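Student: just a sequence and a predicted model for now, questions to come.
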Amino acid sequence: MRRETYNEFRQLCREHNLAATHQRQKIYEALVSRPGHYSPEEIYEQVKQDLPSISLATVYKNLKTFVRAGMLHEVSPHHGSWRIDANRRPHHHLVCTRCRSITDLPVDSLAPVKLRGVIPSGFRVEKFSIELQGICKACAATRSGSPGNREGVPPLR
Ligand SMILES: [Zn+2]
Ligand SMILES: [Zn+2]
């Protein structure tokens, strides 16, 4: 693990009142080593290379702990599978409705969001995150994705 990742991990555990165990350290490392939005299974596959005896249940439990402590965030639940966001900075998401890929969009790529109208009373807004849905470049390049060519659309399963 890179020195600064290790220090960041220790610091985050201290801030969020979590024991900085070796397992958690490996899970955190797997998450932040590459930017992305990972399922517990993907993290498990990565962590297993260092800790062959770790179970998927353990990885799952520790990811839940990270999220509950506020140390990491989950991606909005519309994606069908539970995913953890490795990016701790505030940001928005571009979501491809075809392949379900998720791309981060820096928070300053949108004009500041202003609330208009009334929010249900008692609701305290803590953050905004916007999800832009569409078709990613790779999907748009495939035959079925190109506009005007409807024959190639695969049947729904
Ligand atoms: Zn796509
Ligand atoms: Zn993200």
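Tutor: Sure, I can see it. Numbers count the residues shown, from 1 in each chain. Ligands and ions are numbered 1, 2, ... in the order given.

Student: per-residue pLDDT, residue 74?
Tutor: Note on residue 74: pLDDT of 88.

Student: so what's it up against?
Tutor: 67, 82, 83, 84, 85 (CB atoms under 8 Å, 6 or more residues apart in numbering). Glycine gets a C-beta too; all of them are placed from N, C-alpha and C.

Student: using JSON lines, lay out those together with distance to residue 101, neighbour count and pLDDT.
Tutor: Shown next, in JSON lines, are the contacts of residue 74 (distance: CB to CB, whole Å; neighbours: other CB atoms under 10 Å; pLDDT from 0 to 100):
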{"residue": "67", "distance to residue 101": "21", "neighbour count": "15", "pLDDT": "92"}
{"residue": "82", "distance to residue 101": "16", "neighbour count": "16", "pLDDT": "86"}
{"residue": "83", "distance to residue 101": "11", "neighbour count": "22", "pLDDT": "91"}
{"residue": "84", "distance to residue 101": "16", "neighbour count": "21", "pLDDT": "92"}
{"residue": "85", "distance to residue 101": "14", "neighbour count": "22", "pLDDT": "92"}
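
Student: distance to ligand 1 and secondary structure added to these, as TSV?
Tutor: Formatted as TSV, the contacts of residue 74 follow (distance: CB to the ion, whole Å; DSSP: H, G, I helix; E, B strand; the rest coil):
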residue	distance to ligand 1	secondary structure
67	26	helix
82	20	coil
83	15	coil
84	20	strand
85	18	strand
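
Student: for these, which one is nearest ligand 2?
Tutor: residue 85 (4.2 Å; CB to the ion).

Student: how about that closest one, nearest residue that isn't a chain neighbour?
Tutor: residue 73 (4.9 Å; CB to CB, 6 or more residues apart in numbering).
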